[in-house]
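Asks: Sequence first, predicted coordinates after that:
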Amino acid sequence: MPKINGNEIRPGNVLEHEGGLWVAVKTSHVKPGKGGAFAQVELKNLRDGRKLNERFRSADKVEQVRLDQKDQQFLFESDGMLTFMDSQTFDQIELPADLLGDRRPFLQDGMTVTIEYYGEEALNVTLPQKVTCKIVETEPVVKGQTAANSFKPALLDNGVRVMVPPFVGQDEDIIVNTETFEYAERA
């Protein structure tokens, strides 16, 4: 695996550090008045979700890990396990539903997701950035309510609550950003 300097760490990089696999969540470069510059890096463990703040000087070497990414199709959920199928080899894999965390409601039947592997171990599931959902409950449209940034709450068909603009009504399809859980546009 390639080694990189501590000041070359960027958000999204996967590193092998202290015997575990960590993803860099945030990085900030600090130049104190006294002493050498360093990178303050917030790391998240890919296996158990622990967080760690670490300082890396430019002379420090860390191993950067490359994860294999495969597009796989979601088939079904059974007993808290999600079953995915590789579209090329038709191999099936079962992963725990808690791997998705609070993004789980946005996973739909037949959806293609990206699963990141370290060797044979699946570490992360990435949903498409935008997903189409139907609004099942929201307040009715009020005529004349055209304030620039007024939003109203809406309940989606997957049980998630989002804020939508006043012109969006019940039983409409909208596109939701799965990273920020925010309304993106009408479908």
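Replies: It's in.
Asks: what about the chain, any weak spots by pLDDT?
Replies: 1, 142-149 (pLDDT under 70).
Asks: can you map out the helices along it?
Replies: With helices called from DSSP state H, the chain shows none.
Asks: and it, what are its domains?
Replies: Domain segmentation of the chain under automatic domain parsing yields 3-65, 68-126, 130-186.
Asks: could I get those domains as TSV with mean neighbour count?
Replies: Glycine gets a C-beta too; all of them are placed from N, C-alpha and C. Shown next, in TSV, are those (neighbours: other C-beta atoms under 10 Å):
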stretch	mean neighbour count
domain 3-65	14
domain 68-126	14
domain 130-186	14
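Asks: From Val168, how far off is the residue lying closest to Leu21 once chain neighbours are set aside?
Replies: Among residues not flanking Leu21 along the chain, Leu46 sits closest, at 4.5 Å (C-beta to C-beta, 6 or more residues apart in numbering). Applying C-beta to C-beta, to the nearest Å, the value for Leu46 to Val168 is 37 Å.
Asks: what does Asp79 give?
Replies: To Val168, Asp79 is 36 Å away according to C-beta to C-beta.
Asks: And for Val113?
Replies: Val113 is 27 Å from Val168, by C-beta to C-beta.
Asks: quick revisit: residues contacting the residue nearest to Leu21?
Replies: Leu46 is in contact with 14, 20-23, 118, 123-124, counting by C-beta atoms under 8 Å, 6 or more residues apart in numbering.
Asks: what's the farthest-apart pair in the residues you listed?
Replies: Spatially, the most separated pair among the contacts of Leu46 is Gly20 and Asn124, at 14.2 Å (C-beta to C-beta).
Asks: Span of stretch 174-184 from start to end?
Replies: 8 Å (C-alpha to C-alpha, to the nearest Å).
Asks: same deal with stretch 27-42?
Replies: 6 Å.
Asks: likewise stretch 8-24?
Replies: By C-alpha to C-alpha, the extent of stretch 8-24 from end to end equals 11 Å.
Asks: quick one: contacts of that stretch?
Replies: Applying C-beta under 8 Å, 6+ apart, the external contacts of stretch 8-24 come out as 1, 4, 25-27, 39, 41-47, 52, 54, 56, 62-67, 118, 123.
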